[in-house]
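Asks: Have a look at this fold, sequence not included:
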């Protein structure tokens, strides 16, 4: 295979027209160049980004990790992983990067960065995970409904039968009514469990972990009333 | 008491006996069957004003019973009422929509059950 020598101009065009996200930065993290694809993805022009710190483009939640990245690339010459960047509009994007420390003959060291935006893939994976969780919750809800509804039927209808037959002593009437009300609450909870179509969490108290909110997660019954 | 005859089809003993007991408060003739196959045996012997059936049962479930009643006793098909704790199950959802059989969800109240049976006497 013949060796093809590319001129610096051709190299520049290759980088500029690449759909990959490419940049260079110095060892302090200051951007020296950014190709158009990377700048576009962030919502800037390339010239807006040159001279800024790459760390400024990271999402606030991970910005404190930037010095550790600089340390790794200075010691190890290469570094790769995931970075969470924030666009000009404030949208957070997940990039996978593979960066290499380099030096031009007679020049200063710099880092050549190459990245891909995998946000859509990650979000799709997250949606698939949530769909799987919903399926599991749905199966659990149906199994619970199946096991609970028969004994609940016995409790509610038996007590009502005792009431209609006048078999409940006057002093016990309040207790019986309370049991029926409570059983009806269990019935409503089980029905809501069977109608979970999304996972909505709520926090009962600041110190407690969030729990599944049955009312918000359930949709109204799709079946007509009997 | 009326001369109407009612059939209760339910595999869970406690539920079956309770449903029959509730309905006997209103109607004198209430028969019970433990599943769809048992129900077909009784349907061969009597004409029922209402058939109150569970959906999920061994041997012949409510769906199978519906199709057998449709085939053998088409006039009785409109007398069916399903009583089920599976009202939200996808497995039966499509069938229930297509069949148009009224569904009473467990747990029910006495008024729910009696009302559903009364409506089965004169289906729309």
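Replies: Cool, got the structure. On a predicted model such as this, the values are computed, not experimentally measured, just so you know.

Asks: Spit out the contact partners of the residue nearest to residue A:63 when sequence neighbours are not counted.
Replies: Closest residue to residue A:63 in three dimensions, ignoring its sequence neighbours and counting by C-beta to C-beta, 6 or more residues apart in numbering or on different chains: residue A:55, at 5.9 Å. All C-beta atoms are positioned from the backbone trio N, CA, C, and that covers glycine. Contact criterion C-beta atoms under 8 Å, 6 or more residues apart in numbering or on different chains gives A:29, A:63, A:66-67 as the residues in contact with residue A:55.

Asks: Can you name the next helix or strand after the strand or helix carrying residue A:124?
Replies: Taking DSSP states H and E as the definition, residue A:124 sits inside helix A:119-164. Scanning the chain past helix A:119-164 towards its C-terminal end, the next helix or strand to appear is helix A:173-194 (assignment: DSSP H and E).

Asks: low-confidence ranges in the chain?
Replies: Since you didn't name a chain, this refers to chain A. Chain A contains residues with pLDDT under 70 at A:1-6, A:11, A:14-15, A:197-199, A:201, A:203-204, A:206, A:214-215, A:219-226.

Asks: Correction: the question concerned chain B.
Replies: For chain B, the stretches with pLDDT under 70 are B:1-2, B:86-90, B:123-124.

Asks: Quick check, central residue of it?
Replies: residue B:52 (1.7 Å; C-alpha atoms, centre = their mean).

Asks: what's the farthest-apart pair in the contacts of residue A:55?
Replies: A:29 and A:63 (11.1 Å; C-beta to C-beta).

Asks: quick one, which of these two is more surrounded?
Replies: Neighbours of residue A:29 and residue A:63, each counted by other C-beta atoms under 10 Å in any protein chain shown, are more numerous for residue A:29; the result is 18 against 15.

Asks: For stretch A:186-203, list every residue counted as buried.
Replies: In terms of neighbour count (16 or more other C-beta atoms under 10 Å in any protein chain shown), stretch A:186-203 has its buried residues at A:186-187, A:190-196.

Asks: Return the member of these nearest to chain B.
Replies: Minimum distance to chain B across the buried residues of stretch A:186-203 is 3.8 Å, recorded for residue A:194 (C-beta to the nearest C-beta).

Asks: That closest one and residue B:97, how far apart?
Replies: Distance check for residue A:194 against residue B:97: by C-beta to C-beta, to the nearest Å, it reads 17 Å.

Asks: same deal with residue A:91?
Replies: According to C-beta to C-beta, residue A:91 and residue B:97 sit 42 Å apart.

Asks: buried sites along stretch A:110-122?
Replies: Neighbour-count burial for stretch A:110-122 flags A:110-115, A:117, A:119 (criterion: 16+ other C-beta under 10 Å).

Asks: Among the residues you listed, name the ones in helices.
Replies: The members of those that map onto helices under DSSP state H are residue A:119.

Asks: Out of the buried residues of stretch A:110-122, the closest to residue A:101 would be?
Replies: So of the buried residues of stretch A:110-122, ranked by how close each gets to residue A:101 (C-beta to C-beta), first place is residue A:111, at 5.3 Å.

Asks: Pull the contacting residues for residue B:14.
Replies: Contacts of residue B:14 were listed using C-beta under 8 Å, 6+ apart, and they are A:150, A:154.

Asks: now the one 5 residues further on
Replies: Shown in contact with residue B:19 (C-beta under 8 Å, 6+ apart): A:157, B:8, B:10, B:52, B:83, B:113.

Asks: Now do the SS call for the fifth one.
Replies: The three-state label for residue B:83, taken from DSSP: H, G, I helix; E, B strand; the rest coil, comes out as strand.

Asks: so it touches residue B:10, yeah?
Replies: Yes - counting by C-beta atoms under 8 Å, residue B:83 sits close enough to residue B:10 to count as a contact (7.3 Å).

Asks: Give the residues shared as contacts by those two.
Replies: Both residue B:83 and residue B:10 are contacted by B:19, B:52-54, under the criterion C-beta under 8 Å, 6+ apart.

Asks: can you count the residues close to residue 18?
Replies: Picked chain A for this. Taking other C-beta under 10 Å as the criterion, the count of residues near residue A:18 is 14.

Asks: Let me rephrase: I mean chain B.
Replies: Other residues within reach of residue B:18 by the criterion other C-beta under 10 Å amount to 22.

Asks: got it, and residue A:21?
Replies: Summarising burial for residue A:21: neighbours were counted as other C-beta under 10 Å, giving 24.

Asks: ok, now which ones touch the closest residue to chain B within chain A?
Replies: Across chain A, the shortest distance to chain B (C-beta to the nearest C-beta) belongs to residue A:149, at 3.1 Å. Under the criterion of C-beta under 8 Å, 6+ apart, the neighbours of residue A:149 are A:187, A:190, B:85, B:105-107.

Asks: ok so, going back, report the two of the shared contacts of residue B:83 and residue B:10 separated the most.
Replies: Between any two of the shared contacts of residue B:83 and residue B:10, the greatest separation by C-beta to C-beta is 10.2 Å, found for B:19 and B:53.

Asks: Chain A contacts on chain B?
Replies: Contact residues (C-beta under 8 Å from any C-beta of the partner chain) of chain B with chain A: B:12, B:14-15, B:18-19, B:21-22, B:25, B:56, B:81, B:85-89, B:93, B:96, B:102-110, B:112-113, B:116.

Asks: one more time with 7 Å, if that's ok
Replies: B:12, B:14-15, B:18, B:21-22, B:85-89, B:96, B:102-110, B:112, B:116 (C-beta under 7 Å from any C-beta of the partner chain).
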